[in-house]
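Only the shape, not the letters, is given here:
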């Protein structure tokens with residue numbers, strides 16, 4: 001792979017390097033201790049160790065927390081075993097790409113890797129890796145702002161290694177790939193480009209924008225496996241505060257053409273608008289919505305059943321994500337129809353109780369009335385629990401059978417509608433077992 005030459009020097013970069021080193025010296029105690037102990041292990045093995053990539057970048061950008069990605073020039077397996085012993089770490093997991101995940105007892109997870117080169121046998125394939133120097137390792141990365149390293153061993157934090165002009169690009173707020181074939185080799189970088197542009201408010205350098213457009217037009221995204229495409233989308237949309245802007249940009253750039261083939265400009269705009277309204281309507285909800293799941297649901301509402309299933313397969317959806325995208329639109333339509341009949345609170349609960357929170361979010365984006373019902377379902381009706389149970393009814397003389405469950409259901413509905421207080425639950429349930437309403441003057445309908 002041809003490597004890029006360093007960018008032209010910028011007077012701001014020396015000041016930026018000094019500021020980065022000062023911030024490194026002021027790292028939180030837990031992270032600085034982890035880095036110092038990692039460096040001690042590396043020195044004991046005679047290996048060079050570096051803190052690399054996004055964590056170094058985010059140190060300057062002022063993130064609340066920074067990732068710890070370490071690269072060792074040498075045997076990463078031996079280094080990770082020694083470090084795991086040193087830190088009493090668990091959850092060690094090695095991969096075919098010469099990387100290891102490590103988790104400390106305090107819950108801090110970080111990544112270790114051997115310095116390596118990457119060769120892509122064909123576009124969008126997984127890379128073939130080989131041991132290399134730190135310089136070669138940095139040149140294989142996606143963007144110049146991630147082509148940064150801070151040495152930890154043998155010397156600890158005395159300089160910033162910046163072979164690709166990443167500091168200048170950070171100072172100038174610029175996103176730049178390292179070689180012309182970057183997006184062809186790994187099309188997931190297209191999603192990172194959109195994410196980084198929104199997250200850091202950086203502009204995309206002209207040659208990088210041109211390379212991205214060429215890769216998209218050439219079908220680079222279509223060559224990604226479903227698992228890699230789904231993971232790239234999830235990562236791009238995981239930050240709630242940015243997700244609406246990112247989805248809109250993904251649609252504008254036709255990056256979702258592989259996800260939803262034939263998605264029209266009108267339908268894409270409608271999905272983005274619905275997604276933005278749903279996020280806005282649910283900003284204070286607990287539990288919150290999953291932005292990725294909600295975005296896939298917003299897209300699926302514009303599709304027929306067959307295309308929804310194709311969407312689910314294309315981004316490798318499983319479990320709840322799959323249920324929301326494939327079955328959610330029908331559940332939403334049914335619930336909306338039931339809410340239009342001016343229901344009581346308990347009737348609304350029956351319409352809404354089986355909906356996932358993302359489905360409620362879509363409903364909340366429709367109108368003030370549906371937003372009110374969705375919020376009431378999450379905050380009042382769904383959390384309501386009776387103070388009695390089946391054992392209480394049996395102890396009071398009710399015979400075992402389906403009437404026990406029906407009596408409890410009727411009692412819950414009465415509580416939701418505010419017809420009885422908690423203190424009256426047992427008496428009501430026993431009467432309800434006979435099919436009576438709370439004033440016991442008539443039969444309560446099923």
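Ah, there it is. Note that the structure is a prediction, hence the values are computed from the model and not measured. Numbers count the residues shown, from 1 in each chain.

chain center to the helix or strand containing residue 330, what's the gap?
Secondary structure from DSSP states H and E places residue 330 in helix 319-339. In terms of C-alpha atoms, centre = their mean, to the nearest Å, the centre of helix 319-339 is found 21 Å from the chain centre.

got the buried residues for that helix?
Using 16 or more other C-beta atoms under 10 Å as the test for burial, helix 319-339 gives 321-326, 328-329, 331-332, 335-336, 339. (Each C-beta comes from the backbone N, C-alpha and C, glycine too.)

Please name every helix or strand in contact with it.
In terms of contact count using 3 or more C-beta pairs under 8 Å, 6 or more residues apart in numbering; DSSP states H and E, helix 319-339 is assigned the packing partners helix 291-300, helix 305-314, helix 345-352, helix 357-364, helix 368-376.

Mind listing what's buried along the next helix or strand after the last one?
Next helix or strand after helix 368-376 toward the C-terminus (DSSP H and E): helix 390-395. Going by neighbour count (16+ other C-beta under 10 Å), the buried part of helix 390-395 is 392, 393.

returning to what we had before: report the angle between the helix holding residue 330 and helix 345-352.
For helix 319-339 against helix 345-352, the angle between stretch directions is 140 degrees (axes from the mean of the first three to the mean of the last three C-alpha atoms, to 10 degrees).

average pLDDT for helix 319-339?
Helix 319-339 comes out with an average pLDDT of 97.

how far is whichever helix or strand residue 51 is part of from where the chain is centred?
In this structure, residue 51 sits in strand 48-52 according to DSSP H and E. Counting by C-alpha atoms, centre = their mean, strand 48-52 is centred 27 Å from the centre of its parent chain.

and if you look at stretch 404-415?
39 Å.

Stretch 88-107 too?
21 Å.

With stretch 240-248 instead?
Distance, stretch centre to chain centre, for stretch 240-248: 12 Å (C-alpha atoms, centre = their mean).

For it, which outside residues touch it?
Stretch 240-248 is contacted by residues 194-195, 198-199, 236-237, 271-272, 275-276, 279, 288-289, 291-292, 295, 298 when judged by C-beta atoms under 8 Å, 6 or more residues apart in numbering.

follow-up on the earlier one: make TSV from the buried residues of helix 319-339 and add distance to residue 31 to it.
Rendered in TSV, the data for these read as follows (distance: C-beta to C-beta, whole Å):
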residue	distance to residue 31
321	33
322	37
323	39
324	36
325	38
326	42
328	40
329	44
331	44
332	44
335	46
336	48
339	49
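
which of the contacts of stretch 240-248 are buried?
The neighbour-count test (16+ other C-beta under 10 Å) applied to these identifies 194-195, 198-199, 236-237, 271-272, 275-276, 279, 289, 291-292, 295, 298 as buried.

Just name the closest of those residues to residue 414, please.
residue 289 (30.7 Å; C-beta to C-beta).

Next up, the contacts around that closest one.
Contacts of residue 289 (C-beta under 8 Å, 6+ apart): 240, 278, 279, 282, 357, 358, 361.

Out of these, the closest to residue 267 would be?
Ranking these by separation from residue 267, with C-beta to C-beta as the measure, puts residue 278 on top at 16.2 Å.

What does the pLDDT read for the closest one?
With respect to pLDDT, residue 278 scores 95.

Could you check how far it is from residue 366?
The span separating residue 278 from residue 366 equals 9 Å under the rule C-beta to C-beta, to the nearest Å.

out of these two, which sits in the more crowded spot?
Looking at residue 278 and residue 366 with other C-beta atoms under 10 Å, you find the greater number of neighbours at residue 278, namely 27 against 17.

What distance do you get for the more buried one to residue 286?
When C-beta to C-beta is applied, the distance between residue 278 and residue 286 equals 16 Å.

Of all the helices and strands packed on helix 319-339, which one is nearest residue 150?
Among these, if distance is taken as C-beta to C-beta, the winner is helix 291-300, at 31.7 Å.

quick one: which helix or strand includes residue 242?
In this structure, residue 242 sits in helix 240-252 according to DSSP H and E.

Check which element follows the strand holding residue 51 along the chain.
Read in the C-terminal direction, the helix or strand following strand 48-52 is helix 54-61, with elements assigned using DSSP H and E.

Show me the contact partners of the helix or strand following that following helix.
Moving toward the C-terminus from helix 54-61, the first helix or strand encountered (DSSP H and E) is strand 69-73. The contact list for strand 69-73 (C-beta under 8 Å, 6+ apart) reads 38, 42, 47-55, 79, 110-115, 133-134, 137, 149, 152.

same check, this time on stretch 386-395
400, 404-405, 407-408, 411-412, 415, 422, 425-426, 429-430, 433.

now, which of those residues sits nearest residue 189?
Proximity of the contacts of stretch 386-395 to residue 189 was ranked by C-beta to C-beta; the top entry is residue 412 with 51.6 Å.

pLDDT weak spots in this structure?
When residues are selected by pLDDT under 70, those of the chain lie in 1-13, 91-94, 436-446.

at 80 what do you get?
1-13, 64, 90-96, 286-287, 435-446 (pLDDT under 80).

most centrally placed residue in it?
residue 238 (3.1 Å; C-alpha atoms, centre = their mean).

Pretty sure it sits against residue 294.
No - counting by C-beta atoms under 8 Å, residue 238 stays clear of residue 294, with 11.5 Å between them.
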